[in-house]
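Novice: dropping a prediction and its sequence here:
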Amino acid sequence: MAGFNFGRLSGDAPDDSFYGANPGFNAGVVLDIPVSNTIKLSLQPSFSQEGTKVFYYQFGEVEAFDSVQLRLNYLSLPMLVKVQSTNKHFYALAGFEAGYLTNYDLKSNGESLSNQLNVADFNLAVHFGAGYRIFLGYPVLFVELRYAQGIINLTDEPGVEGYIPRVKTTGFKAFVGIELPLSKPKTIIQ
């Protein structure tokens, strides 16, 4: 599966600023383990880019401008429960994602500030979403939309001049993928 994270950070913001989206890439594999006819446990090891832009209001200006950008790169493991409709096309999902921070980049006006921010090595988020499966014969194409909300703080102290105070990840994730069953299904669903 592959897709995009349309996320940002949420929480404390520096004075006269707000967090905006900094879209990132997401790719991984899906291992669905059937629990019943309509319920599956889904493990999805993946690479996920999260991030944010910090928009500041300048005195006398109407428009906010972005001068701080943060990109967080994670190796993550979403562990989700999928509940399918009886026709196997629609499904809802919910669960947790544990992520390990591989690296991050904090920039202000093109200058790197990464050594001036202490970001937690692990992230934990809850996911809620829905998807639709399109049967193409043996393989199955799927599209999926999720909302993810971080539940632990990534930073606890303000960075230099308070660039990124106490924050969590939040946002939407959109995916497209192909299911390749490990065994051929007895009947092909149309």
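Specialist: Sure, I can see it. Numbering: from 1, shown residues only.
Novice: per-residue confidence at residue 35?
Specialist: With respect to pLDDT, residue 35 has a value of 95.
Novice: what's the neighbour count on it?
Specialist: For residue 35, the neighbour count with other CB atoms under 10 Å is 12. The C-beta positions use only the backbone N, C-alpha and C, and glycine is treated the same way.
Novice: cool, and residue 9?
Specialist: Here the number of neighbours of residue 9 (other CB under 10 Å) works out to 28.
Novice: now swap in residue 172 and tell me
Specialist: Residue 172, neighbours per other CB under 10 Å, totals 16.
Novice: which parts of the helix or strand containing it are buried?
Specialist: Using DSSP states H and E, residue 172 falls within strand 167-179. Using 16 or more other CB atoms under 10 Å as the test for burial, strand 167-179 gives 167, 168, 169, 170, 171, 172, 173, 174, 175, 177.
Novice: then stretch 125-141?
Specialist: For stretch 125-141, by 16+ other CB under 10 Å, it's 125, 127, 129, 131, 133, 135, 140.
Novice: likewise stretch 68-75?
Specialist: For stretch 68-75, the neighbour count (16+ other CB under 10 Å) marks 68, 69, 70, 71, 72, 73, 74 as buried.
Novice: distance check, the fifth one against residue 41.
Specialist: It refers to residue 72. Counting by CB to CB, to the nearest Å, the separation of residue 72 from residue 41 is 27 Å.
Novice: bridging across strands, which residues link to the closest residue to residue 94 other than its chain neighbours?
Specialist: Spatial nearest neighbour of residue 94, chain neighbours left out: residue 128 (5.1 Å); criterion: CB to CB, 6 or more residues apart in numbering. Beta bridges link residue 128 to residue 94, residue 147, judged by DSSP bridges.
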